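In: coords please:
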Amino acid sequence: MIGVILAAGMGTRLMPLTKDIPKALLKINETTLLERMIKNCINADISKFIVVVGYNKDKVIDLCPEIAEKYDIEIKTIENEKYDVTNTSVSTYLASKFIEENDLDDFILVNGDNVVDPEIITRLAVSQNTGMIIDNFKELNEESFKLIIDDESFNEDKTIANGKINSIGKGLDIPSSTGEFIGVSKVVSDDVAQFNRILEKLIEEDPQNYYDFAYKDLSLIKTIDFVLTNGLKMDRNR
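Out: Numbers count the residues shown, from 1 in each chain. Presented below is the predicted three-dimensional model:
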């Protein structure tokens, strides 16, 4: 399994903290968000990573070999040259296209500013299908990236649901929403090609689209595991 970390964005919402560095290099207790997420993935037995860079790319590129050596892992960087006029659909596609063209493995996809309980990554890594982490405990608001799942069915311990995504986005009715997608997901190798074709359509429609919307169409043709947080802590910035 491969860990794909999106670290190309400008982090305008976090200004002035991100004036000179990408948001993935912000620190909590002297450890960058990038290294924290890589450590979480390592705990789930992931040892190969792709980091998509853009804004202040050199600072991320320079740090990656240090992290790779520290944890004895592999890190490849891919540049989104149009990071300032595109969004996460393009950054995701650059990594996912590389994975498809090189016939690589399943991949975990995370946003560079995610801070999550390590158990979240482990739960997703062991799920059998393409999956999304859904926060079903957080109180939703207008800024939450919500989704509504039709025909929900749960496993025995109520940690994973399956179904079709009816709607996804910020503007959904809060009482009708299943929860918030927190920007941590997985695409299994059998689904990568379809995922990429959907991303291509999203990018053609608008390069500012979020990759998140690709899962709605994918859920109509593939089984998606909605892995529930059930109270585990996490945070996502947009």
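In: Residue 140 touches residue 171, doesn't it?
Out: No - using Cβ atoms under 8 Å, residue 140 is not in contact with residue 171; the gap is 11.9 Å. For the C-beta atoms, the positions are set from N, CA and C on the backbone; glycine is no exception.
In: More neighbours: which of those two?
Out: residue 140 (19 against 7; other Cβ atoms under 10 Å).
In: list the contacts for that one?
Out: Residues in contact with residue 140 (Cβ atoms under 8 Å, 6 or more residues apart in numbering) are 146, 174, 177, 179-180.
In: Can I have the buried ones of the residues you listed as a ChimeraX selection?
Out: Buried subset of these, written as a ChimeraX selection, criterion 16 or more other Cβ atoms under 10 Å:
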select :146,177,179,180
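In: Torsion angles phi and psi at residue 90?
Out: In terms of degrees, to the nearest 10, the main-chain angles of residue 90 are phi -70, psi -50.
In: Relative to residue 228, how far out is it?
Out: For residue 90, the distance to residue 228 equals 29 Å [Cβ to Cβ, to the nearest Å].
In: all strands for this protein, in order.
Out: Listed in chain order, the strands of the chain (DSSP state E) span 2-7, 27-28, 31-32, 48-53, 74-79, 107-111, 115-116, 130-135, 146-154, 160-169, 179-187, 224-228, 234-235.
In: Tell me how far the residue most central in space within the chain lies from residue 92.
Out: In the chain, the residue lying closest to the centroid (Cα atoms, centre = their mean) is residue 110, at 2.8 Å. Noted for residue 110: a distance of 11 Å to residue 92, by Cβ to Cβ.
In: okay, and the common contacts of those two?
Out: Here residue 110 and residue 92 have 4, 6 as joint contacts, going by Cβ under 8 Å, 6+ apart.
In: buried sites along stretch 95-110?
Out: Buried, per 16+ other Cβ under 10 Å, within stretch 95-110: 95-96, 98-100, 104, 106-110.
In: thinking again about what came up before, output the strands of the chain as TSV; include the columns mean pLDDT and distance to residue 218.
Out: Listed next are these as TSV, based on pLDDT from 0 to 100; distance: least, Cβ to Cβ, whole Å:
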stretch	mean pLDDT	distance to residue 218
strand 2-7	96	16
strand 27-28	86	32
strand 31-32	92	31
strand 48-53	98	20
strand 74-79	98	22
strand 107-111	95	12
strand 115-116	83	22
strand 130-135	94	7
strand 146-154	83	13
strand 160-169	90	8
strand 179-187	94	8
strand 224-228	91	7
strand 234-235	56	22
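In: where along the protein do the helices fall?
Out: For the chain, the helices defined by DSSP state H cover 33-43, 57-71, 88-101, 118-126, 192-205, 214-218.
In: now those helices in CSV, with distance to residue 232 and mean pLDDT?
Out: Shown next, in CSV, are the helices of the chain (distance: least, Cβ to Cβ, whole Å; pLDDT from 0 to 100):
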stretch, distance to residue 232, mean pLDDT
helix 33-43, 12, 93
helix 57-71, 23, 96
helix 88-101, 23, 97
helix 118-126, 6, 88
helix 192-205, 26, 98
helix 214-218, 20, 96
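In: beta partners of residue 224?
Out: Per DSSP bridges, the residues bridged to residue 224 are residue 130.
In: The one 4 residues further on too?
Out: Residue 228 has these beta-bridge partners by DSSP bridges: residue 134.
In: And for it, the neighbour number?
Out: 22.
In: Going forward, count from 57.
Out: That works, and once the first residue is 57, the last one we named lands at residue 284.
In: For residue 206, see how far away it is.
Out: Distance, residue 284 to residue 206, using Cβ to Cβ: 16 Å.
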